[in-house]
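*Asks:* Quick one, structure for this:
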Amino acid sequence: MLRLRNHLLPLLRASFHASTFSSPLQLRRLLPSTAAASPSVHLSRLNSAAARSATATPFSVEEYLVGTCGLTGAQALEASKKVSSLKSPSKPDAVVAILSGLGLSRADLAVVIAAEPRILRIRPHNIGLRITALRDRVGLSDPQIVRILLSGGARGLQRGDMSPRLEFWIPFVGSFDTLLKILKRNNAIVFSNIEKVIKPNIALLRECGLRDCEIVQLSKTAARILTYNPERVKAVVQRAEKLRMLDYSWPWAFKHIVVTAARCNEGIVAARMEFLTGALGCSVDKLRSAVCKCPRILELSESKLLSKIEFLVTKVRVEPDYILHRPVLLTYSLEKRLVPRHYVVEVLLVKGLIKGGVDFYGCVCLSDKDFVARYIEYHENDVPGLADAYTAVCSGKSPPLI
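*Replies:* The predicted structure follows:
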């Protein structure tokens, strides 16, 4: 009976692939009834299977990824390198059936498998247990499990039981939706060690004065910081400590400084500090004060910083101290924000429609909608064509004469 059962598995797999089984349990339930069929039926099926296998083409992982999983040719070529050990469709067929049973469409399935093709190598029994744990232990619905997989959680499912990590993360970040936002930026949260990595990093940031809500916000903007090796996080904190001013708002400002320190290594931070002190002709302390207000300026390239500083000083005619007190100016796009808004202000000044003491920073920090309403639509009768000219400058074109 055991030999007969083993011979029948290829035939059952073909039937399984065309069916809508949602788990290997249904396949196991089918085996006894099939094995009870008459010997003549068994011999007939086995002979047919043997005839087909003699002429069948070898199993192609790439073709399977395209035909069954819906990947593109390029995706399949790349993904096949990670699942080259697959020699038949039996295991991946079962995995695909289980994932489809969760509610994954063919397009969703392609997204999940392209992101983590090694999920096809998991034993069906194991993937079934991991999904069951997400339902029973964490309390997730099938649609929620699908959202996790589509947000980058497939790697966590491939590597083991995600349920203990999700049990920690969902209460910590405050909601399932917040978890998904962080997961999209850093899927390592669903397989990093909670006790040896995550909790020590959180404890270190708490020691710096950050509240849990600020740590959650930090994990959205510098997503990988909580999954770094704790020694690396210590180095990030030390870099941030060197940048902050002792009398500056704490820990509100420190959260943003940590983000920059996490994104820039020590060499980049030192190089940007040296460059900016020279370009703005200021002391290190003045620059550190500016960095505390807007740490992101250290993440910009020297060429971008220089072009913005030159524009603000030579065209807008502001002093370096003006920039140091409003460093966020350096983070705005030169081509799409600084230049077009300066053009509009200059036109209105020339026509005497606004006073000469208008604050350029006040113009720049307005939203697009508010700037257009206040400086363009309000003056459309006095300056016909200003809106078109503004649009042209935003697109990098020379404005028409108005």
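*Asks:* helices and strands of this structure: which one bottoms out on pLDDT?
*Replies:* helix 24-35 (a mean of 37; mean pLDDT, DSSP states H and E).
*Asks:* tell me the pLDDT at residue 113?
*Replies:* Listed pLDDT for residue 113 reads 96.
*Asks:* quick one: contacts for it?
*Replies:* Residue 113 makes contact with 65, 69, 71, 79, 119, 120, 154 under the criterion CB atoms under 8 Å, 6 or more residues apart in numbering. C-betas here are computed from N, CA, C, even on glycine.
*Asks:* likewise residue 348?
*Replies:* Shown in contact with residue 348 (CB under 8 Å, 6+ apart): 354, 375, 379, 383.
*Asks:* out of these, which is most surrounded?
*Replies:* residue 375 (22 neighbours; other CB atoms under 10 Å).
*Asks:* Excluding covalently adjacent residues, which one is nearest to that residue?
*Replies:* Excluding the flanking residues, the one nearest residue 375 by CB to CB, 6 or more residues apart in numbering is residue 344, at 5.3 Å.
*Asks:* So that neighbour, which state does it fall into?
*Replies:* Secondary structure state of residue 344, per DSSP: H, G, I helix; E, B strand; the rest coil, is helix.
*Asks:* Geometric centre of the protein: which residue is closest?
*Replies:* Taking CA atoms, centre = their mean, the centroid of the chain lies closest to residue 185, which sits 2.7 Å from it.
*Asks:* ok, back up a step: how near is the residue nearest to residue 375 to residue 356?
*Replies:* Distance, residue 344 to residue 356, by CB to CB, to the nearest Å: 15 Å.
*Asks:* Neighbour count for the two, which is higher?
*Replies:* Neighbours were tallied for residue 344 and for residue 356 using other CB under 10 Å; the higher tally belongs to residue 344 (23 against 6).
*Asks:* for the stretch 251-400 of the chain, what spans make up the helices?
*Replies:* 252-263, 266-280, 284-293, 302-314, 320-325, 339-350, 360-364, 368-371, 386-394 (DSSP state H, counting those that start in this stretch).
*Asks:* returning to that earlier point: residues contacting the residue nearest to the centre of the chain?
*Replies:* When contacts are taken as CB under 8 Å, 6+ apart, residue 185 is in contact with 220, 223, 224.
*Asks:* quick one, phi psi at it?
*Replies:* phi -90, psi -30 (degrees, to the nearest 10).
*Asks:* how close does it get to residue 269?
*Replies:* 22 Å.
*Asks:* Spatially nearest residue to residue 116, not counting backbone neighbours?
*Replies:* Going by CB to CB, 6+ apart, residue 116 has residue 154 as its nearest residue, at 3.8 Å.
*Asks:* repeat for residue 351
*Replies:* residue 383 (6.3 Å).
*Asks:* That neighbour reaches residue 347, doesn't it?
*Replies:* Yes. Residue 383 is within contact range of residue 347, at 6.5 Å (criterion: CB atoms under 8 Å).
*Asks:* Find residues that contact each of these two.
*Replies:* residue 402.
*Asks:* picking up where we left off before, is it possible to get a markdown table of the helices of the stretch 251-400 of the chain that adds mean pLDDT?
*Replies:* Formatted as a markdown table, these follow (pLDDT from 0 to 100):
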| stretch | mean pLDDT |
| --- | --- |
| helix 252-263 | 84 |
| helix 266-280 | 94 |
| helix 284-293 | 91 |
| helix 302-314 | 97 |
| helix 320-325 | 96 |
| helix 339-350 | 95 |
| helix 360-364 | 95 |
| helix 368-371 | 96 |
| helix 386-394 | 94 |
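*Asks:* deepest of those helices, which one?
*Replies:* helix 252-263 (a mean of 22; mean count of other CB atoms under 10 Å).
*Asks:* Now do residue 265, the pLDDT please.
*Replies:* Value listed for residue 265 in the pLDDT field: 88.
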